[in-house]
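> curious how this folds, go ahead:
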Amino acid sequence: MLSVGDKAPQFKLNDQDGNPVQLFDFKGQKLVIYFYPKDQTPGCIKEACSFRDNIEAYKKHDIAVLGVSIDSEKSHQNFIKKQDLNFPLLADVEKEMVNSYEVWGEKSMYGRKYMGVFRKTFLINETGLIDKIYEKVKVATHAEDVLTDWEIS
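The predicted model follows:
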């Protein structure tokens, strides 16, 4: 299990435009990595828009934000366009990052079990260590909650 104080797992994935993004790109900078189940679903829209609406506060404090799901680059492009998102979404179609960050597993909805991405967020500090892990997320206020926890709101 990943814990606070652990070194964040390395990753290299494409963003919505096919550009490779890796953890090393954010060395010396704080990073929010939020995992979400699926583009264009109600909870995921609320969470993404929460980050969109607060992105200037993140930028002001040199904090990068990355959204990650197992959706394709094309799906991410559509999501970004439709919701006017202003931060990158990483396409983990091979499930490499969701596995290394331990957010892929068995879920249950209406009594039906299936495999999927858990909604979970990691705050990574400037040295690449995990500062905080959000196991439970309030989608509508998540971006503000993160800012408050990093005491920069």
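
> list the contacts of stretch 46-66.
With C-beta atoms under 8 Å, 6 or more residues apart in numbering as the contact definition, stretch 46-66 has outside contacts at 21, 26, 29-34, 36, 67, 79, 83-90, 119, 137, 139-144, 147, 150, 152-153. Backbone N, C-alpha and C define where each C-beta goes, glycine included.

> quick check on these: which are buried?
Neighbour-count burial (16 or more other C-beta atoms under 10 Å) applied to the contacts of stretch 46-66 gives 21, 26, 30-34, 36, 67, 79, 83, 85, 87-90, 119, 137, 139, 142-144, 147, 150.

> take those residues and keep only those in strands.
Judged by DSSP state E, the subset of those located in strands is 21, 30-34, 67, 89-90.

> which pair of those spans the longest distance?
K30 and L89 (18.7 Å; C-beta to C-beta).

> just the buried residues of the longest helix seen in the chain, please?
Counting residues, the longest helix found in the chain (DSSP state H) is helix 42-60. Across helix 42-60, burial judged by 16+ other C-beta under 10 Å covers 44-45, 47-52, 54-55, 58.

> put the alpha carbons of that helix into CSV.
Extracted C-alpha coordinates of helix 42-60, given in CSV (Å, rounded to 0.1, in the frame of the first residue of the first chain):
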residue,chain,number,x,y,z
PRO,A,42,-21.6,13.4,-13.6
GLY,A,43,-19.1,13.0,-10.6
CYS,A,44,-16.1,13.2,-12.9
ILE,A,45,-17.4,16.4,-14.5
LYS,A,46,-18.0,18.0,-11.1
GLU,A,47,-14.5,17.1,-9.9
ALA,A,48,-12.8,18.2,-13.2
CYS,A,49,-14.7,21.5,-13.2
SER,A,50,-13.7,22.1,-9.5
PHE,A,51,-10.1,21.9,-10.6
ARG,A,52,-10.8,24.0,-13.7
ASP,A,53,-12.4,26.8,-11.6
ASN,A,54,-9.5,26.8,-9.1
ILE,A,55,-6.6,26.4,-11.5
GLU,A,56,-5.3,30.0,-11.1
ALA,A,57,-4.8,29.5,-7.3
TYR,A,58,-2.8,26.3,-8.1
LYS,A,59,-0.7,28.1,-10.8
LYS,A,60,-0.1,31.0,-8.4
